[in-house]
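> Predicted model, plus sequence, below.
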Amino acid sequence: MNIVEVPESGCAPDGSVTSRQTAEVTLPRSELDRIWTPEYLERLARTYWRFLTRVSLGLLRVLYTPESREVVALTRPFVLLRFHAPEYEIDADGGSVTWRIARGLLVAPAGRDKGFLRVSVRRLQDPPREREARIFVSSEVASFYPTIAGWGPRFGRALYGATQLRLHVIVTHAFLRSLARLDLVPSVVGALRPISEPISPLGRR
């Protein structure tokens, strides 16, 4: 596992923020071939939410509905972040899952129904005779309007950078490193899980 780049983050003049982290994961080619399916893209997404719950020692939970994913502090009504249902994009080289931000206690009113969280995975082109293969994984939050960033142009942004952004970077960094174990849990919804047909490779479903 190699964290490819220093975390990228920035704040736009309108108060929105963006943060992106990337990693390169090396694993046996036979193992990657086994999991290179649409189902495992969905399982990667589910693993992200499970990791968030585990790293917070259960203080943060993810609640599922057909239309949303909610990150709550222990339980409702303390909904910190509410996302719309995930959107999947799959092609021959990989795929991504995007949760568009709806609202929540951590989202400023101006940021409702703006921005997104996206996890992407790409298979790198390695010689076919190599026993190992590489994938490129990224986690990105874009056009997010944090509530605390609105507490003054300078103070709010500084506070966000020292708290929420720093925590997000630490959690995402740890999540990316955990992928080397390939402990991808089954999805709660199973939207991409095959029923009776053979599992098709990414980009061929």
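The structure has been received and is ready for your questions.
> alpha carbons only for contacts and neighbour counts from here, please
Noted.
> and the lengthiest helix in the chain, how far from the chain's centre?
Ranked by residue count and defined by DSSP state H, the top helix of the chain is helix 38-55. Counting by CA atoms, centre = their mean, to the nearest Å, helix 38-55 is centred 8 Å from the centre of its parent chain.
> Would you mind checking the average pLDDT for that helix?
Averaged across helix 38-55, the pLDDT comes to 89.
> Tell me which residues of it come out buried.
38-53 (16 or more other CA atoms under 10 Å).
> Same check on stretch 112-123?
Those would be Arg112, Asp113, Lys114, Gly115, Phe116, Leu117, Arg118, Val119, Ser120, Val121, Arg122, Arg123, for stretch 112-123 by 16+ other CA under 10 Å.
> What's the separation between Ala85 and Tyr40?
From Ala85 across to Tyr40, the span is 17 Å (CA to CA, to the nearest Å).
> Same question for Pro13.
38 Å.
> give the contact list for Arg29.
Residues in contact with Arg29 (CA atoms under 8 Å, 6 or more residues apart in numbering) are Glu130, Arg131, Glu132, Ala133.
> So which of these wins on neighbours?
Ala133 (21 neighbours; other CA atoms under 10 Å).
> Would you confirm that that residue contacts Leu32?
Yes - judged on CA atoms under 8 Å, Ala133 makes contact with Leu32 at a distance of 7.2 Å.
> so where does the residue nearest the centre of the chain fall, helix or strand?
Central residue of the chain (CA atoms, centre = their mean): Val119, 3.9 Å from the mean position. Element membership of Val119, judged by DSSP states H and E, is strand 116-123.
> what angle do that strand and helix 38-55 make?
130 degrees (axes from the mean of the first three to the mean of the last three CA atoms, to 10 degrees).
> Could you spell out the sheet neighbours of strand 116-123, each with its direction?
Here strand 116-123 is paired, per DSSP bridges, with strand 94-103 (antiparallel), strand 132-144 (antiparallel).
> Tell me which of those sits most buried.
strand 94-103 (a mean of 22; mean count of other CA atoms under 10 Å).
> average pLDDT across that one?
Computed over strand 94-103, the average pLDDT equals 96.
> Contacts only, for Thr26.
Contacts of Thr26 (CA under 8 Å, 6+ apart): Met1, Glu132, Ala133, Arg134, Ile135, Ala180.
> Just name the closest of those to Val79, please.
Minimum distance to Val79 across these is 30.8 Å, recorded for Ala180 (CA to CA).
> So that closest one: helix, strand or coil?
Secondary structure, DSSP: H, G, I helix; E, B strand; the rest coil: Ala180 is helix.
> Thank you, goodbye.
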